[in-house]
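Peer 1: Have a look at this prediction, sequence included:
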Amino acid sequence: MEQEKGRTGGSAGWFNGFLGVLIFSGSLPATRVAVMEFDPVFLTVARAAIAGLLALVLLLLTRQKRPTRAQLPPLIIVALGVVVGFPLLTALALQHVTSAHSIVFIGLLPLATALFGVLRGGERPRPIFWLFSVTGSLLVAGFALSQDLSASLAGDLLMLAAVLVCGLGYAEGATLSRKLGGWQVICWALLLSLPFMLILSLLTMPASFDSISQPAWMGLAYVSLFSMLIGFVFWYRGLAQGGIAAVGQLQLLQPFFGLALAAGLLHEPVSVLMVGVTVAVILCVAGSKRFAR
């Protein structure tokens with residue numbers, strides 16, 4: 001009975017995690033579109049403010065119990081990592097690099113998430129898991145080194161920083177989701193950030209919105225509703241159900257979907273090397289998935 005329950009929970013975790021990754025795959029292309037006309041700082045605080053207002057409505061309508069004092073520090077880490085840190089750093093990075101280039105760096109997220117899953121979630125993957133994960137990460141780093149870093153070093157460093165804070169936010173939120181609930185974690189984290197995000201939105205708001213095109217508005221809407229809220233509902237639930245290190249490996253599908261979106265919607269160039277590295281990293285993480293537990 002316990003084994004059957006574990007298999008059911010694991011399957012549900014992979015399904016929810018897959019939906020989360022699918023939603024997140026559109027984040028960088030949508031951010032790329034929006035940041036071409038919105039200031040990156042305003043885009044970061046505006047998306048968090050919009051999602052925070054929606055989270056407030058959800059929490060009030062469902063009459064959720066407030067987090068305990070012990071749950072506040074993890075919620076603050078989640079807020080700093082995924083509500084503020086990752087959106088801001090990626091928005092700044094996308095001023096220097098294309099979304100297709102930045103998406104490949106998401107290949108580092110499974111390793112970062114697994115590392116923080118060990119440090120914060122108490123998980124213990126088998127040794128061969130780390131061999132596959134590190135190999136995949138080295139492939140991503142090798143791709144970055146093969147590029148013209150004189151023009152995109154700042155963007156690459158910003159993306160690396162974004163991956164680290166995001167991995168911490170994922171692991172911390174997934175651990176807390178086991179007690180608080182998946183959608184509740186992101187809603188409370190957004191609510192904690194809401195007062196600051198509203199004030200900063202007003203301070204960084206452009207003098208006029210007349211020149212903002214419809215695609216930029218659509219990009220803002222996507223990252224506010226889907227990337228900042230709905231995606232996390234599925235993602236944190238999946239990590240909590242199937243394990244942080246295991247389900248976290250699904251993030252290697254994100255470059256694949258993201259590259260397809262960048263090429264199809266933004267008509268950005270996607271090199272053979274970029275595709276090859278992405279496929280190779282996916283194969284590495286597919287191997288690490290088998291030994292995640």
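Peer 2: That came in fine, so what should we check first? Since the model is a prediction, treat every value here as computed from it, not as a measurement.
Peer 1: any idea which helix or strand carries the nearest residue to residue 67 once chain neighbours are set aside?
Peer 2: Leaving aside its chain neighbours, residue 67 sits nearest to residue 188 (5.6 Å; criterion: Cβ to Cβ, 6 or more residues apart in numbering). Where you see a C-beta, it was placed from the backbone N, CA and C, and this is true even at glycine. According to DSSP states H and E, residue 188 maps onto helix 182-204.
Peer 1: mean confidence score for that helix?
Peer 2: Helix 182-204 shows a mean pLDDT of 92.
Peer 1: do the same with stretch 140-149
Peer 2: For stretch 140-149, the mean per-residue pLDDT is 66.
Peer 1: Please apply the same query to stretch 156-168.
Peer 2: Here the average pLDDT along stretch 156-168 is 90.
Peer 1: Same question for stretch 71-82.
Peer 2: 92.
Peer 1: go on, stretch 88-99?
Peer 2: Rounded mean pLDDT across stretch 88-99 is 81.
Peer 1: okay, now the residue lying closest to residue 126 once chain neighbours are set aside: neighbour count?
Peer 2: Nearest residue to residue 126, sequence neighbours excluded (Cβ to Cβ, 6+ apart): residue 291, at 4.3 Å. Residues near residue 291, counting by other Cβ atoms under 10 Å, number 17.
Peer 1: show me the contacts for residue 291.
Peer 2: Applying Cβ atoms under 8 Å, 6 or more residues apart in numbering, we find residue 291 in contact with 125, 126, 128, 129, 132.
Peer 1: and residue 281, what pLDDT?
Peer 2: 78.
Peer 1: Distance check, it against residue 258.
Peer 2: Applying Cβ to Cβ, to the nearest Å, the value for residue 281 to residue 258 is 13 Å.
Peer 1: Let me see the ranges of the helices in the stretch 1-150 of the chain.
Peer 2: 2-24, 27-35, 40-62, 72-78, 86-93, 99-105, 109-121, 127-145, 149-180 (DSSP state H, counting those that start in this stretch).
Peer 1: what's the closest of those helices to residue 249?
Peer 2: Closest approach to residue 249 among the helices of the stretch 1-150 of the chain (Cβ to Cβ): helix 109-121, 4.9 Å.
Peer 1: Quick one: residues in contact with that closest one.
Peer 2: 123-125, 129, 133-134, 136-137, 163-164, 166-168, 170-172, 174-175, 243-245, 248-252, 254, 285, 288, 292.
Peer 1: Can you flag the buried ones in these?
Peer 2: 123, 125, 129, 133, 136-137, 163-164, 166-168, 170-172, 174-175, 243-245, 248-252, 254, 285, 288, 292 (16 or more other Cβ atoms under 10 Å).
Peer 1: Switch the helices of the stretch 1-150 of the chain over to TSV, and while doing so, append distance to residue 267 to every line.
Peer 2: Shown next, in TSV, are those (distance: least, Cβ to Cβ, whole Å):
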stretch	distance to residue 267
helix 2-24	22
helix 27-35	11
helix 40-62	22
helix 72-78	35
helix 86-93	20
helix 99-105	10
helix 109-121	26
helix 127-145	21
helix 149-180	19
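Peer 1: Those helices: which one's closest to residue 274?
Peer 2: Using Cβ to Cβ, the helices of the stretch 1-150 of the chain put helix 99-105 closest to residue 274, at 6.1 Å.
Peer 1: Many thanks, we can stop here.
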